[in-house]
Each structure stands twice: as C-alpha cells, then as structure tokens.
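Engineer: Provided below for reference: sequence and predicted model.
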There are 2 protein chains.
Amino acid sequence: MNRPPLTPLADSLPASVPFVGPETLERARAAPFAARLGANESVFGPSPKALNAMAAASADVWKYGDPENYDLRHALAQHHDVSPDNIVVGEGIDALLGYLVRLYVEGGTAVVTSAGAYPTFNYHVAGFGGELHMVPYRDDREDPDALVARALETGARLIYFANPDNPMGSWHDAVAVQHLIDAVPSDCLLILDEAYIELAPDGTAPALDMTNANVIRMRTFSKGHGMAGARVGYALGEAQTIAAFNKIRNHFGMCRISQAGALAALNDQPYLAEVCAKVAASRDRIAEIARDNGLVPLPSATNFVAVDCGADGDFARKVLEGLLAEGLFVRMPFVAPQNRAIRISCGSPQDMDLLAQALPKALHAARQSNG
Amino acid sequence: MNRPPLTPLADSLPASVPFVGPETLERARAAPFAARLGANESVFGPSPKALNAMAAASADVWKYGDPENYDLRHALAQHHDVSPDNIVVGEGIDALLGYLVRLYVEGGTAVVTSAGAYPTFNYHVAGFGGELHMVPYRDDREDPDALVARALETGARLIYFANPDNPMGSWHDAVAVQHLIDAVPSDCLLILDEAYIELAPDGTAPALDMTNANVIRMRTFSKGHGMAGARVGYALGEAQTIAAFNKIRNHFGMCRISQAGALAALNDQPYLAEVCAKVAASRDRIAEIARDNGLVPLPSATNFVAVDCGADGDFARKVLEGLLAEGLFVRMPFVAPQNRAIRISCGSPQDMDLLAQALPKALHAARQSNG
C-alpha cells in the first residue's frame, strides 16, 4: 500500500498511552467501578459556583472560547499578585508540558527527571526526541541535589520536579525548594509542577518570583478545584518565558465552558478550603484503614496516600489487583522501591467504607497467592 | 538575565496568533458586538439534547474524560459506517492539524496549500519547520490540479485542501474531489478539511474509503453542530494513519463535558437538518442584502457568504471596518484577489436585520473615504 512516511522521529515512537483510563478498565471488566480512587481526581467536585458558571456558559458554547483566556488570566494574576503576562492558560498541565518540551527540546536534548515521576512528562520528552536522564527517589521523595547534579553532568535544558510529588505524596518545604531553584544551572529551566499545591501544608510553596527565568511553575484546576474533566491548567513564569507559548500553542484550544468554570472556581476560595478539609479527613481515614490492616501509610501533602504494602512490587501489584476485583479503581507507582506501595486517592466517606471492606480481602488474596 | 535557550526553531518563530478573537476586539472598542458574524460559528447553537447532555456531564467534571473517546468514536464509526480504528477525536480540527503536521513535517519538509487558505494550518507547518508552498485560488476556488502539480514539483509530504472552502465558501463536487484524491502522489498525504461538509449540498463529499492511506478527512462539531466552544473535532482515515496520532496526542486532552455534548449532538440528526435549513435561509438573506446594496454575493456551501465588494482589498477593508464600527463582527480573506470580499457568517433573523441596517452605512463611509 502507498503510505506517506512519518518523520523518522515519529516513526520511532510507540503508539502508546501514558495511562490507561478507568473507563478502559471498566469496559474490560464489563462493570463500572464502585469507587474511583485511582486518578487523584476530586470526588468532592467543583464549587457549586463553578457548576453554575458552566451551566450558564453552555448557552454560549456555539462561540469559540477567548483565545487570550483574558478573564481567567487576569483573575489568576490578581489572585497570585503577578502580571497577566506571567501566566499562560492551557488544556491542562499535560498540554502545557507538551508545549514547554516542544519549545526547549529537540533531538538529543538532555532532560532530567526522577525515575518513577510523572510519565506524561517523559512521554512528551521522548515525543520530541529528547534524552531522558533519571535519578532515583531518596527516602520516597524526589531528590533535589541529585536532580541538579545530573543536570550539570548532562548539560540538561529541563529539570522536572513535582512538589508535592506524585505518586508518593511526599514533599519538600519551601526553603528546600527555593534552594533547588537557586541551584538550577543558568542554561536550564526547572519545571516545578505544583498540581497538588492547594492541598499541601502552608510553607510548601516558595514565594513567586516572576523575574527568575530559570523556573516555571505549573498549576491546575484538576486537583483541589475538582475539575479534571474540564482541562484547565496554567503556568506561572517570567514574562518572556511565558510569551514563548504563544509561538506554538493551540490558541483556540480551550473549551469555553471550562474557561468559565475555572474562573468561578478561582473566585470561590472558601469552597476550596472546605475541599482541603475533606481531603485531610479522607487522608486520615485511608491511613487508619491501612494501619488497621497492618500496612504503613506514607505522609501525604496531596489528595492521595501511598500505602506501603510491606513487600515488593509483585506483592503490591497483587493487592492492587485485589482492590480492582472488588470494584475499587486504584493505581500504583511504576518503579522500585516505590512500587512496594499502592496509591489511593481520597474519596467520600462511602468510598472509604468500601475501601475498608475491600482491603482485607485484597490482602488476603495477595498473601494466599504469594504463599 | 540567565535564560535557557529555546530550540533554534522555536526561537525563530514569531509569538503570533493565527486569528484575533472577537473578545479582543470587544475589549479594544470597550463594547460588545451587536452581532457576532465573523468566525463562522453557528448562532443557532447546539441541539437541546447536546445541551442537556452537557449539563448532565457537568456533575461528573471532577473525572478526567475517557482518553480513548470510546463512546464518541464508536458512535461516529456507526454514523459513518467505518471502524472505530478509522477515527481519532481531538481538541478541534486545529489540534488535529497540529498533531498531523508534527507526525509528517520536520525541518524543510515541503507542504502545499492555497494562498489565502486556512492560516492555522500554515501556523502549524511553520511551527514544525516545514516549507510552505502556495498555489493561487482559481475562480475563487481552491485549485486541485495546481495543488497536485506543486506537490509533485516540490516532493511535498502534505497537501491541504478544504472542501467546502474557507474563506470563500466555494466548493468542488464529489467527482472532482475524488479525482484529486486519486491524483495525490504516493508519498504524500492529502488533508481534506471538511469542516463545513454538513452544510454543503448532497454530492459534495466523495465516498469514504478507509483503505486509502493518501487521504485523511477532518470533521468538526464546531460548525453545523454549533459547538465551536466545546472543541471537538475528528479525523477519518486509514487505520494505521489514524493509529499514529496515539504516538503524540494529548491523550487526556478532551473536555469530558464536550465529549458528552458531541455524542448527543451526533445522535440528533433531525436538529442538524433544521440548522441546515436555517443556514440556507440566512445565506439567502445575506445574498439579498448584498445585492440590495449593489454588491455580489458569491455562491456558498457553508455557513457564511463571501460578499464581493466590487473593488480592491483596501476598499473591502474599509467596508469591514465600517461594519465593525456599527457593532458587527465580520472578517475578510487575507489574499488578493479574494480580499475584494468580506466574509459574513450566517446569523439569526435579528442579526440579518442589523446587517441590513449597517451595510449601507459601511459602504457609504468606505466610498466617502475612497473618494
């Protein structure tokens, strides 16, 4: 058959998906999950004000969204006390990471991240021909010193660092993160992914410094704000860094309904505070259930808890499969030794009751299968 | 200041926007437009069933959308009598064009389009370092023979061809388009952009042949289905061509509300037929208003009409500016001699009344300024 050739780079890439979605698993098992605790979504949902704003915006969905995201960028600027020129809005952090990699990475460009950190970032780096260098976690946290050392060693253009971290839920305090920012090589950009920052303790995020062109910070409405399905993320950075997105981004890529929902969500900070309290309660409940079953919950500054299953990755995988079989969608870290844990997203009290019922069964099955 | 360098390609690109949005113009004039007739949106809006589906989906917006777009792809497959493997869904045709260009274009790759055709396609080609070759329109239509000849001459990897065409509203019948498809060089992919196809006369679209790897067809929910703000497009093509999108696309890029809305819109074909009738009536009304003012409406198979203002681009620009000053958002072709026209999207009867009032004033002002 005639077939126009892909570029050599595109041809070399696998046809892959960074994550299998829960819907795919539900279709495979021919039944919906009883609890959806695997993608660090917020079962508490968005602010009712955001829901109202989205309903109102639906009537105008025949119009393209504003390609400048003017209203949302200006509200974010006011919220963060920065200039609108320091903000770019995109179709979730995933899309912004893709644009950012495209701006800085070409064939052979060195990029540094942690082994077991966010796979979608790695997907974008591979997709633009970059060379990924990985450093291990240290005590279940990303290791700032090792990231910088590897960047210096490889002449890296980008460093990826999530704080708080996914999939472990661990974090560094603002002082440590500021040390990292200050140590970034001058020809390198630190991507500080703060997707979970609204859920972290005070003192986790260093102050915003919009004059520093060596760091860009990623935020989202998917986690604390409970709007993962709306696809709204943003980046905060030095103005010229931010302006570069306009060279390549999909200017008309934002859903108009999502723009309106994010704006209303931002303006309802009391609701966000309520969500943070519910998340904290659910983290405690997950920890309690884990301990009740002899497992060790790891400290978390996010809307999920990594639960150490006390053995290797194979055992944790069996526990995970047991939970899936009981109708609970959960995920787990990819890389040893972090893959001794399973990762459970916060949920409603009912979700937690289901977890409390399912975990002993999953553990029993895993132990039997191991024994 | 320290500044990590962009890639040479990214550095060379202007920080541009393919189109200025109407909201930007409204902010500049400090007043909303009375009629929004410039972006070929559908003022008739989406099906009420789509609105209901979007309202229902809002309650689940805390969940990421299905990265496989399974339900929508399967419904589209049934609708078009093809396999789901022949369909990829994306964040509007704009995003799909970006992915497609990324798959086939690297530095220096030749690409052929028509001078004055869709600027966002050109934006993507430039953004991936491709070399654009343009052929002129012929009798206000894209010229299939010239496109193929230029592709052969330049060894082009991609040809862009919109049918019906934007910005002229002109079209070729299915026989002519099939001739074009058959003439595409074997190492070249024809992008057949059919964004307006639902609004075109029967016999405009050639039969779908999902075994042909030299053509890919782009469709959207933005035009006939009235959901531009939702950002849902799709491509129809040979399965291996379609599978390549999974190498690079933003798998979690789709808004969950938009997925639900598009599915419901697809399932309400009677509503689409009503919209087509309203569009046809509005086209007739635009033509009548044009003729009442001594101008020549060009035939259109879309939801807009290019109106020949009877002089050069400068004159048409003045007419356009007169309409903008009267509160009517309209646009015009970029390239001579097509820029002798202004492009007016179909609207409600009230929109058309506003046009009937504003056009004589705009013409008067343009003629005075010229005289």
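Structural biologist: Thanks, I have the structure now. Numbering: from 1, shown residues only, chains lettered A, B, ... in the order given.
Engineer: from here on, contacts and neighbour counts on C-alpha atoms
Structural biologist: Will do.
Engineer: For chain A, which segments count as helices?
Structural biologist: A:8-12, A:22-29, A:48-58, A:70-80, A:92-104, A:119-127, A:144-154, A:174-183, A:239-243, A:256-266, A:269-292, A:313-325, A:349-370 (DSSP state H).
Engineer: Export only the CA atoms of the fourth one, formatted as CSV.
Structural biologist: Right, helix A:70-80. Provided in CSV are the C-alpha atoms of helix A:70-80 (Å, rounded to 0.1, in the frame of the first residue of the first chain):
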residue,chain,number,x,y,z
TYR,A,70,-8.2,37.1,29.2
ASP,A,71,-10.6,37.0,32.1
LEU,A,72,-9.1,33.9,33.6
ARG,A,73,-5.5,35.1,33.2
HIS,A,74,-6.4,38.4,34.8
ALA,A,75,-8.2,36.8,37.7
LEU,A,76,-5.2,34.5,38.2
ALA,A,77,-2.9,37.4,38.1
GLN,A,78,-4.8,39.2,40.8
HIS,A,79,-5.0,36.0,42.9
HIS,A,80,-1.3,35.5,42.7
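Engineer: How about the residues of the stretch 201-350 of chain A by chain B?
Structural biologist: For the stretch 201-350 of chain A, the contact set with chain B under Cα under 8 Å from any Cα of the partner chain comprises A:213-214, A:222, A:226-231, A:243-248, A:250-258.
Engineer: at 6 Å what do you get?
Structural biologist: Where the stretch 201-350 of chain A comes near chain B, counting by Cα under 6 Å from any Cα of the partner chain, the residues are A:213, A:226, A:227, A:228, A:229, A:230, A:231, A:246, A:247, A:255, A:256.
Engineer: do the stretch 51-200 of chain A as well
Structural biologist: So far as Cα under 6 Å from any Cα goes, the stretch 51-200 of chain A lies against chain B at A:61, A:62, A:63, A:64, A:65, A:103, A:104, A:186, A:187, A:188.
Engineer: Give the burial count for the last one, as a bare number.
Structural biologist: Pointing back at residue A:188 there. By the measure other Cα atoms under 10 Å in any protein chain shown, the count of residues near residue A:188 is 24.
Engineer: go on, residue A:133?
Structural biologist: Residue A:133 has 18 neighbours, counted by other Cα under 10 Å.
Engineer: and it, what does it touch?
Structural biologist: A:111, A:112 (Cα atoms under 6 Å, 6 or more residues apart in numbering or on different chains).
Engineer: so how far is residue A:146 from it?
Structural biologist: 11 Å (Cα to Cα, to the nearest Å).
Engineer: tell me the most buried of the helices of chain A?
Structural biologist: Of those, the one with the most neighbours on average (mean count of other Cα atoms under 10 Å in any protein chain shown) is helix A:256-266, at a mean of 26.
Engineer: you'd agree residue A:77 is up against residue A:84?
Structural biologist: Yes. Counting by Cα atoms under 6 Å, residue A:77 does reach residue A:84; the two are 5.1 Å apart.
Engineer: who's in contact with residue A:108?
Structural biologist: Per Cα under 6 Å, 6+ apart, neighbours of residue A:108: A:130, A:131.
Engineer: Do you know the pLDDT at it?
Structural biologist: What the model reports for residue A:108 is a pLDDT of 96.
Engineer: go on, residue A:20?
Structural biologist: So residue A:20 comes in at 89 (pLDDT).
Engineer: what's the closest non-adjacent residue to it?
Structural biologist: residue B:67 (7.9 Å; Cα to Cα, 6 or more residues apart in numbering or on different chains).
Engineer: What number of residues are in the vicinity of that neighbour?
Structural biologist: If we define neighbours as other Cα under 10 Å, then residue B:67 has 22 of them.
Engineer: Surely it touches residue B:249?
Structural biologist: No. With contact defined as Cα under 6 Å, residue B:67 does not reach residue B:249; the gap is 10.1 Å.
Engineer: Nearest spatial neighbour of the most centrally placed residue in chain A, chain-adjacent residues omitted?
Structural biologist: The residue lying closest to the centre of chain A (Cα atoms, centre = their mean) is residue A:195, at 5.3 Å. Closest residue in space to residue A:195, ignoring its immediate chain neighbours: residue A:219 at 4.9 Å, by Cα to Cα, 6+ apart.
Engineer: In contact with that neighbour, which residues are there?
Structural biologist: A:194, A:195, A:233, A:234.
Engineer: and the first one, how far is that from residue A:186?
Structural biologist: With distances defined as Cα to Cα, the gap from residue A:194 to residue A:186 amounts to 22 Å.
Engineer: likewise the third one?
Structural biologist: Going from residue A:233 to residue A:186 by Cα to Cα gives 26 Å.
Engineer: And the two? Which one has more around it.
Structural biologist: residue A:233 (22 against 16).
Engineer: I figured that one was touching residue A:92, is that so?
Structural biologist: Yes. The criterion here is Cα under 6 Å, and residue A:233 meets it with residue A:92 at 4.0 Å.
Engineer: right, and residue A:362 touches residue A:320 too?
Structural biologist: No. Between residue A:362 and residue A:320 there is no contact under Cα under 6 Å: 7.4 Å.
Engineer: pLDDT weak spots in the stretch 1-150 of chain A?
Structural biologist: A:1 (pLDDT under 70).
Engineer: gap between residue A:242 and chain B?
Structural biologist: Per Cα to the nearest Cα, to the nearest Å, residue A:242 is found 10 Å from chain B.
Engineer: residues contacting residue A:4?
Structural biologist: Contacts for residue A:4 (Cα under 6 Å, 6+ apart) come out as B:187, B:188.
Engineer: hang on, I meant residue A:128
Structural biologist: Neighbours of residue A:128 in contact, by Cα under 6 Å, 6+ apart: residue A:106.
Engineer: 7 Å - rerun?
Structural biologist: If you count contacts by Cα atoms under 7 Å, 6 or more residues apart in numbering or on different chains, residue A:128 has them with A:102, A:105, A:106, A:107.
Engineer: cool, residue A:211 as well?
Structural biologist: So residue A:211 contacts residue A:238 (Cα under 7 Å, 6+ apart).
Engineer: What is the burial count for residue A:68?
Structural biologist: 19.
Engineer: do residue A:337 as well
Structural biologist: Residue A:337 has 16 neighbours, counted by other Cα under 10 Å.
Engineer: can you tell me how far it sits from residue B:190?
Structural biologist: Distance from residue A:337 to residue B:190, by Cα to Cα: 49 Å.
Engineer: who's in contact with stretch A:251-262?
Structural biologist: Residues outside stretch A:251-262 that contact it (Cα under 7 Å, 6+ apart): A:50-51, A:53-54, A:57-58, A:61, A:64-65, A:67, A:72, A:90-91, A:221, A:230, A:232, B:17, B:91, B:229-231.
Engineer: distance between it and the chain's centre?
Structural biologist: Centroid displacement of stretch A:251-262 relative to its chain, using Cα atoms, centre = their mean, to the nearest Å, is 20 Å.
Engineer: Could you do stretch A:76-83 as well?
Structural biologist: 22 Å.
Engineer: Model confidence for the residue nearest to residue A:195, exactly?
Structural biologist: 98.
Engineer: How about the one 5 residues further on?
Structural biologist: pLDDT, the model's per-residue confidence, is 98 for residue A:224.
Engineer: Nice, that's everything, thank you.
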